[in-house]
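Novice: Sequence and predicted structure, then a few things I'm wondering about:
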Amino acid sequence: MEKHFTDYLAVLNEPQRNAVLHTEGPLMIIAGAGSGKTRVLTYRIAWLMQQGIEPFNILALTFTNKAAREMRQRIEQVVGHEARNLWMGTFHSIFAKILRIEGHRLGYTADFTIYDTDDAKSLIKTILNEMGLDEKVYKVSWVLSRISAAKNRLISWQEYMRNPIFLAEDTEAAKPKLGQVYKQYVQRCFKANAMDFDDLLFNTNVLFRDYLDVLHKYQHKFRYVLVDEFQDTNLAQYLITKNLAAVHQNICVVGDDAQSIYAFRGADIQNILNFAKDYPDLVTVKLEQNYRSTKRIVQVANRVIAHNRDQLHKTVWTDNEEGEPIDIIRAATDNDEGRLIASSIFELKMRHQASNADFAILYRTNAQSRTFEEALRKLGIKYKIYGGLSFYQRKEIKDLIAYFRFAVNQRDEEAFRRIINLPKRGIGESTVQKIVVAAIEHNLAIWDVLCNVEKYLGKSRIGVAIADFATMIKDFSFTIAQKDAYEAASYIAKTSGLLRELFEDKTVEGRARYDNVQELLNAIKEFTDAPDRQDKTLSAFLQEVSLLTSADETDKEDTDTVSLMTIHQAKGLEFKYVYVVGMEEDLFPSQMMLASRADLEEERRLFYVAITRAQKKLTLSYALQRYRFGNLRPCEPSRFLDELDHRHVRISHILREGFVDNTSQIRGNAASKIVAENESFLHKKMQQKAYETFLNKTTPPARPYIHQPSTHFVASNPSDLREGMRVEHAKFGFGKIIKLDSQGANRRAVILFDQVGEKTLLLNFAKLMIVEK
DNA sequence: GCTTTGTTCCTTTTT
DNA sequence: GGAACAAAGC
């Protein structure tokens, strides 16, 4: 290995090499976009191990499981099998691990549940109900984000309720009881032996603050601490790392202030800006050479970020080729935008023999993916949407996991609520109420009430059902203790009746759900069979799975796909060709963000992250009209487009379907000029629309890419449709109308789609083509 | 009680 | 455009 390592060092540039070799004392690496940050971190850890440091003395913290996994693999390539013993993972997963071991000091068992966002919201709903607060005033997501923000700033409910500023803020927002809700929420979680995501960080801080022996243990254990994406740490995370590194002082943080995009979840860019104050003998290394992108992309990116006020000075540069100008495409509507991007991808694939995987479409919000999906599908280009609903968020999966959770931890209230009447056993909402009330009245756990129903709820038919349920859970609990995860899981899936219920559902969707459950069981089998796994219990599986996200799913299917994702998800990735779409004012920058200058700066950093993903070619696009909540809204181009260095930009002005006007230059206030020009165009379009409405007709949508045989025609009127007709829907594909209703303003059809199964649609005739009568 | 029909509200971004 | 809920209908 020794011989090898010199070879590894040889490929690094000087600052990179310095960052790898400077192992003792605090180090801050400012890593510009595309500057080889991961490589430096990888080699640094490999170098430490090369120096004889034991892997279990090294702690490396990342923000995503994916980043941790990739880094571990790359280290393994350099140092071999030993890399498995590194303490490497996300903040949340590492501290969950520590809390499993030490949490008993705070009153949690090793089997504590991790509540996901759905659990947290559901609990807050329950609390609001019990407190008689209006959900319309105390919006669940608002309450949760407020509590989350407090925890991330290490403010306990006691401090929250004592603090006059918070109180004043909440009173002003007409939500004076928020402190009470916070208190209830924390106590309820504790009673359920559960922690939410924020608790994992909050409680670790409490643990280190109140139990110095625990702190000392880990301080001495972790001789070297590394933090990736340091600009995205919040106070809770920062204090943990600071505490852990306090003895050895070997803390290495890597980050880029220009890529700080997580303030909304408590990240504080000041952590990186002020780091030098906490460590006077700090050494700083700047990685400024970009190996990823063309000169033009780098220059445009620099120009964007230069507008920010708070920044660490650095100059990102590159030796790469000049490259093509950045394209700006403006489309008339969002659907046009989708078609234009899709055909652009099609063309580039042909011209450069590019593969689908070379392309990415990045947007600000998940909801924007729709038009691009449709357009890509029409051209037969394979794509994959990242984010959205993950496998583990599907109902059938969550249901079964709730069984596992409750069998492992009988205090888990949210799991209890989920499964008590599933499959149906006649225990409805009102009975659950009674159980919860009885538990509170007698100051008992819900589980104690379940085990002694007769005593607390009297004799009844439902009482028998509840007793049966409790017996079943006891049986599951026993099985989990005796058997490995896979055996226990299959037993529970079968015995609970969940699997049977899904099996009996013969619809296409029911099949899919059954298959999903089988897939979950497969995943558990893989977990159980992993060679160097020590803890094979179902409880261990739950711990691992609760911190997974959709980005962590290993993709066994086709990998040659165009990637569609939000900009946040694109961080750390690169593609040859990148499309940043929806560059419209109020969308990007998001209207909700724009309360302050700091917020605008964060949006600008987000834009920076988006454009620095591109290696060869960058295209920015926006629509002048967009469907929002079913309404067509005129849009203005994003102010960010004005901030670009226009020497490197080429604008394509799409006046009308299929007609492109290329202008290579714009001067002055580009945005306002474009809006003025397009107003007359929009006006004409709207007039046309009004005329069509007058004729009580919808225009057949323009379809430049004709793939349908000529027998297709668009249903322009409900009376064109009959039951039994074969149709094609823009989104769901081919299907057969099995039922048609035509009452009231909304006409609906129940259609059996070949791929999707049965679907009830509020008919949008422009999206329905008749294939055969 | 369950299914069908009508209405409302929604949209940041994620561990 | 569609999820989630509410109301109406069987």
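Specialist: Cool, the structure landed.
Novice: Name the helix or strand for the closest residue to DNA strand C within the stretch 301-450 of chain A, please.
Specialist: Of all residues in the stretch 301-450 of chain A, A:Arg370 sits closest to DNA strand C, at 6.5 Å by CB to the nearest atom of the strand. In this view, the C-beta of every residue, glycine as well, is placed from N, C-alpha and C. Using DSSP states H and E, A:Arg370 sits within helix A:369-378.
Novice: which helices and strands sit right next to that helix?
Specialist: helix A:334-352, strand A:359-363, strand A:383-385, strand A:562-566 (3 or more CB pairs under 8 Å, 6 or more residues apart in numbering; DSSP states H and E).
Novice: For the longest one, which residues meet the burial criterion?
Specialist: When you say that, I think you mean helix A:334-352. Counting neighbours by 16 or more other CB atoms under 10 Å, one finds that the buried residues in helix A:334-352 are A:334-346, A:348-349.
Novice: ok, of the residues you listed, which one's closest to A:Ile737?
Specialist: A:Asn335 (24.3 Å; CB to CB).
Novice: so what's the closest one scoring on pLDDT?
Specialist: Looking at A:Asn335, its pLDDT is 82.
Novice: Identify the residue spatially nearest to it, adjacent ones excluded.
Specialist: A:Thr371 (5.5 Å; CB to CB, 6 or more residues apart in numbering).
Novice: Neighbours of the one you found, how many?
Specialist: Residues near A:Thr371, counting by other CB atoms under 10 Å, number 24.
Novice: where along the stretch 501-650 of chain A do the helices fall?
Specialist: Secondary structure of the stretch 501-650 of chain A (DSSP state H, counting those that start in this stretch): helices located at A:508-529, A:538-545, A:567-570, A:597-611.
Novice: so what does the strand ranked longest in chain A touch, helix or strand wise?
Specialist: The residue-count maximum for a strand in chain A (DSSP state E) belongs to strand A:614-628. Contacts defined by 3+ CB pairs under 8 Å, 6+ apart place strand A:614-628 against helix A:295-305, strand A:326-333, helix A:334-352, strand A:575-580, strand A:631-634, helix A:670-694.
Novice: buried residues in stretch A:619-631?
Specialist: A:Thr619, A:Leu620, A:Ser621, A:Tyr622, A:Ala623, A:Leu624, A:Gln625, A:Arg626.
Novice: The longest strand of chain A vs DNA strand B: in contact?
Specialist: Yes. Under the criterion of CB under 7 Å from any atom of the strand, DNA strand B is reached by strand A:614-628 at A:Arg628.
Novice: Taking strand A:359-363 as reference, get the angle to that strand.
Specialist: Orientation of strand A:614-628 against strand A:359-363 (axes from the mean of the first three to the mean of the last three CA atoms, to 10 degrees) gives an angle of 40 degrees.
Novice: Could you list the paired strands of strand A:614-628 along with their orientation?
Specialist: Strand partners for strand A:614-628, identified by DSSP bridges, are recorded as strand A:326-333 (parallel), strand A:575-580 (parallel), strand A:631-634 (antiparallel).
Novice: Any chance of a markdown table for the helices and strands packed on helix A:369-378, columns distance to DNA strand C?
Specialist: Compiled in a markdown table, the helices and strands packed on helix A:369-378 are given as follows (distance: least, CB to the nearest atom of the strand, whole Å):
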| stretch | distance to DNA strand C |
| --- | --- |
| helix A:334-352 | 9 |
| strand A:359-363 | 15 |
| strand A:383-385 | 13 |
| strand A:562-566 | 15 |
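Novice: Looking at the ones you listed, spot the one closest to A:Val79.
Specialist: Per CB to CB, nearest to A:Val79 of those: strand A:562-566, 30.9 Å.
Novice: so how far is the closest one off the chain centroid?
Specialist: 12 Å (CA atoms, centre = their mean, to the nearest Å).
Novice: just the helices in the stretch 151-300 of chain A please.
Specialist: Under DSSP H, counting those that start in this stretch, the stretch 151-300 of chain A gives helices at A:157-162, A:164-172, A:178-191, A:197-210, A:212-221, A:235-244, A:270-273, A:275-278, A:295-305.
Novice: cool, and the stretch 351-500 of chain A?
Specialist: Using DSSP H, counting those that start in this stretch, helices in the stretch 351-500 of chain A cover A:369-378, A:395-408, A:413-419, A:429-441, A:446-451, A:453-457, A:461-482, A:485-495, A:498-504.
Novice: The last one close to DNA strand B?
Specialist: If I follow you right, that is helix A:498-504. No. Helix A:498-504 stays clear of DNA strand B (CB under 7 Å from any atom of the strand), getting no nearer than 13.2 Å.
Novice: got the buried residues for that helix?
Specialist: A:Leu498, A:Leu499, A:Glu501, A:Leu502.
Novice: Can you give me the distance of the last one to DNA strand C?
Specialist: If I follow you right, that is A:Leu502. 19 Å (CB to the nearest atom of the strand, to the nearest Å).
Novice: Please apply the same query to the second one.
Specialist: Computed with CB to the nearest atom of the strand, the distance linking A:Leu499 and DNA strand C is 23 Å.
Novice: One more: A:Thr612?
Specialist: The value you get for A:Thr612 to DNA strand C, if CB to the nearest atom of the strand is used, is 31 Å.
Novice: Show the backbone phi and psi for that residue.
Specialist: phi -80, psi 0 (degrees, to the nearest 10).
Novice: Now it: closest residue in space that isn't a chain neighbour?
Specialist: A:Ala33 (3.7 Å).
Novice: A helix includes that neighbour, no?
Specialist: No. Going by DSSP: H, G, I helix; E, B strand; the rest coil, the assignment for A:Ala33 is coil, not a helix.
Novice: so which residue of the stretch 101-250 of chain A comes closest to DNA strand C?
Specialist: Closest point on the stretch 101-250 of chain A to DNA strand C, by CB to the nearest atom of the strand, is A:Lys125, at 8.0 Å.
Novice: I'd assumed A:Val140 was in contact with that residue.
Specialist: Yes. Between A:Lys125 and A:Val140 there is a contact at 5.8 Å, judged by CB atoms under 8 Å.
Novice: Common neighbours of these two, please.
Specialist: Here A:Lys125 and A:Val140 share no contacting residue, scored by CB atoms under 8 Å, 6 or more residues apart in numbering.
Novice: Take the helices and strands packed on helix A:369-378 and write them to TSV, including distance to A:Leu752.
Specialist: Output for the helices and strands packed on helix A:369-378, formatted as TSV (distance: least, CB to CB, whole Å):
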stretch	distance to A:Leu752
helix A:334-352	26
strand A:359-363	31
strand A:383-385	24
strand A:562-566	28
